[in-house]
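J.: make a model of this:
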Amino acid sequence: MKEENAQKMRLHEMNPLDRFSDRVEDYVKYRPSYPREAIASIISSLETAEVVADVGAGTGISSRLLADLHSIRVIAIEPNAEMRQAAAPHPLVEFRDGTAEATNLPDNQVDLVTCFQSFHWFNPILTLPEFHRILKPSGRLAIVWNTRDRNDQFTAEYSSIVRKASNNHPGEKRSDAIQPFLESPLFVNRRLFIFPYRQKLDLAGLVGRAMSTSYIPKSGEAYQELLSDLQQLFEGSCDEDGFVSLVYQTEVYLAEPI
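T.: The predicted structure is shown next:
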């Protein structure tokens, strides 16, 4: 019954603020980045882009990309202290404690709000009005996910292993998370861009990528089975240099406040 109830819970009800605290090292080392074209699409044709609020910034992967590629000041909003402390410093990135539902930013403060690999952990009923409040009228909202491309055989097999290890955790199915954004009366001119991305990994990286996922077991029989399955998959798929590639479709949803 407990597992059945967990399946019915929404992701924002599953301790999103602390659930990555014991995954920080793997998160820093093995989480994928994002294609430059995806970052460019977010900024393209934006009237001004002087201040960005990167919400659910984690260890700052996307925050540093935005700052590097466009020399933009980024306010990285991240509620998890361990994640903030593990973030590599950047002269244009300022980490602040806050949540998507309560960013603690003033009204009409930012030109761009971004959510990279994080929107599914937010309560959309509270989050979307908060984003609308802090955005300038000329601003933009960008919601981004690296979605595993299951048309790629290796990536599909990896996904099956992760689903099994996680006991089909709801986090493996995020497609419903975007629906409140698509239906929100607070934003207009919604559109979707998709970019391919590949993450090259050795065996340690493949295991670390799986372990950076908050709902993957870290001990016990399921953990040992996960390690065995990943090693078998790797050995049957690696190239002559000892690497495999996870293939993603980087989805970029954009909209403007009404």
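
J.: what ranges does the stretch 1-150 of the chain have for its strands?
T.: 51-55, 73-77, 93-96, 110-116, 135-148 (DSSP state E, counting those that start in this stretch).

J.: partner strands of the fourth one, with direction?
T.: What that stands for is strand 110-116. strand 51-55 (parallel), strand 135-148 (parallel) (DSSP bridges).

J.: a markdown table for those strands, including mean pLDDT?
T.: Shown next, in a markdown table, are the strands paired with strand 110-116 (pLDDT from 0 to 100):
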| stretch | mean pLDDT |
| --- | --- |
| strand 51-55 | 98 |
| strand 135-148 | 97 |
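
J.: most packed of those?
T.: strand 51-55 (a mean of 27; mean count of other Cβ atoms under 10 Å). (C-beta placed from N, C-alpha, C; glycine too.)

J.: residues contacting it, please?
T.: The contact list for strand 51-55 (Cβ atoms under 8 Å, 6 or more residues apart in numbering) reads 60, 62-63, 66, 72-77, 98, 100, 103, 105, 109-116, 118, 122, 131, 134.

J.: from memory Glu78 sits against Arg84, does it?
T.: Yes: here Glu78 reaches Arg84: they are 5.0 Å apart, a contact under Cβ atoms under 8 Å.

J.: same drill for these two, tell me which one is more crowded.
T.: Glu78 (26 against 19; other Cβ atoms under 10 Å).

J.: rewinding a little: export the strands of the stretch 1-150 of the chain to CSV and tack on distance to Phe154?
T.: Shown next, in CSV, are those (distance: least, Cβ to Cβ, whole Å):
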stretch, distance to Phe154
strand 51-55, 30
strand 73-77, 32
strand 93-96, 33
strand 110-116, 24
strand 135-148, 10
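
J.: circling back to that earlier point, name the residues contacting each of Glu78 and Arg84.
T.: Shared contacts of Glu78 and Arg84 (Cβ under 8 Å, 6+ apart): Phe95, Asp97.

J.: returning to what we had before: which of the contacts of strand 51-55 are buried?
T.: 60, 62-63, 66, 72-77, 98, 100, 103, 105, 109-116, 118, 122, 131, 134 (16 or more other Cβ atoms under 10 Å).

J.: pLDDT weak spots in the stretch 1-150 of the chain?
T.: Where the stretch 1-150 of the chain drops to pLDDT under 70, the residues are 1-9.

J.: helices of that one, start to end?
T.: Taking DSSP state H, counting those that start in this stretch as the criterion, the stretch 1-150 of the chain carries its helices at 2-8, 24-30, 36-43, 61-70, 81-86, 124-134.

J.: can you say which of those helices is nearest to Gln153?
T.: Smallest distance to Gln153 across these (Cβ to Cβ): 21.2 Å, for helix 24-30.

J.: list the buried residues in that closest one.
T.: Of all the residues in helix 24-30, those buried under the rule 16+ other Cβ under 10 Å are Val24, Asp26, Tyr27, Val28, Tyr30.

J.: so which elements touch the longest helix seen in the chain?
T.: Criterion DSSP state H: the longest helix present in the chain is helix 220-235. Applying 3 or more Cβ pairs under 8 Å, 6 or more residues apart in numbering; DSSP states H and E, we find helix 220-235 packed against helix 153-165, helix 203-211.

J.: mind checking which of those helices is nearest Ser245?
T.: Of all these, it is helix 153-165 that lies closest to Ser245, at 7.1 Å by Cβ to Cβ.

J.: got the angle between that closest one and strand 135-148?
T.: Angle of helix 153-165 versus strand 135-148, following axes from the mean of the first three to the mean of the last three Cα atoms, to 10 degrees, is 100 degrees.
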